[in-house]
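**Student:** Model the structure of this input:
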Amino acid sequence: MSKLRNYWIFICHHKYVVAIIFFVVIVGFLDSNSFYNIYLQRQEISRLKSDIQDYRIRYRKDTRMLKELDANPQAMEKIARERYLMKKPNEDVYIFQ
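**Tutor:** Reported below is the predicted structural model:
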């Protein structure tokens, strides 16, 4: 019982400090907008931005390839040979990885 009384006396003497600590714990860790959730959301945002950049690069590459296909009929053969490993008769294909 004396331990409980000692805790109560400590809380009464330092009620502002206890209230501030309680507030920081609630806002910092338990709230839906806590610092931890904000950190996770920022990580997700940075990952999505890098994905957007990758898709933009892929879009530019594919657009360039489509323009080449429209402008040059021999480009179809070139793309088929590179991407799908098609070959002409009596021709050997070597794949380097």
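**Student:** Helix or strand: which one has residue 6?
**Tutor:** When secondary structure is defined using DSSP states H and E, the element that contains residue 6 is helix 2-13.
**Student:** Can you give the contact residues for whichever helix or strand comes after that helix?
**Tutor:** The C-terminal neighbour of helix 2-13 among helices and strands, as given by DSSP H and E, is helix 15-25. If you take Cβ atoms under 8 Å, 6 or more residues apart in numbering as the criterion, helix 15-25 is touched by residue 11. (C-beta placed from N, C-alpha, C; glycine too.)
**Student:** can you give me the angle helix 15-25 makes with helix 2-13?
**Tutor:** Using axes from the mean of the first three to the mean of the last three Cα atoms, to 10 degrees, one finds that helix 15-25 and helix 2-13 are set 90 degrees apart in direction.
**Student:** just checking, what packs against the worst-scoring helix or strand of the chain on mean pLDDT?
**Tutor:** Of all regular secondary-structure elements in the chain, judged by mean pLDDT, DSSP states H and E, the least confident is helix 74-83 with a mean of 78. Packing contacts for helix 74-83, counted by 3 or more Cβ pairs under 8 Å, 6 or more residues apart in numbering; DSSP states H and E, involve helix 35-71.
**Student:** avg pLDDT for the helix it packs on?
**Tutor:** Across helix 35-71, the average pLDDT comes to 93.
**Student:** tell me what that helix is packed against?
**Tutor:** Helix 35-71 sits against helix 74-83, with contacts defined as 3+ Cβ pairs under 8 Å, 6+ apart.
**Student:** Extract the C-alpha set from the helix it packs on and format it as PDB.
**Tutor:** Coordinates of the C-alpha atoms in helix 74-83 are reproduced here as PDB (Å, rounded to 0.1, in the frame of the first residue of the first chain):
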ATOM      1  CA  GLN A  74      12.900  -3.300 -91.200                       C
ATOM      2  CA  ALA A  75      12.700  -2.400 -87.500                       C
ATOM      3  CA  MET A  76      10.000  -5.100 -87.100                       C
ATOM      4  CA  GLU A  77      12.500  -7.800 -88.100                       C
ATOM      5  CA  LYS A  78      15.100  -6.300 -85.800                       C
ATOM      6  CA  ILE A  79      12.800  -6.200 -82.800                       C
ATOM      7  CA  ALA A  80      11.600  -9.800 -83.500                       C
ATOM      8  CA  ARG A  81      15.100 -11.100 -83.700                       C
ATOM      9  CA  GLU A  82      16.300  -9.300 -80.600                       C
ATOM     10  CA  ARG A  83      13.300  -9.800 -78.300                       C
END
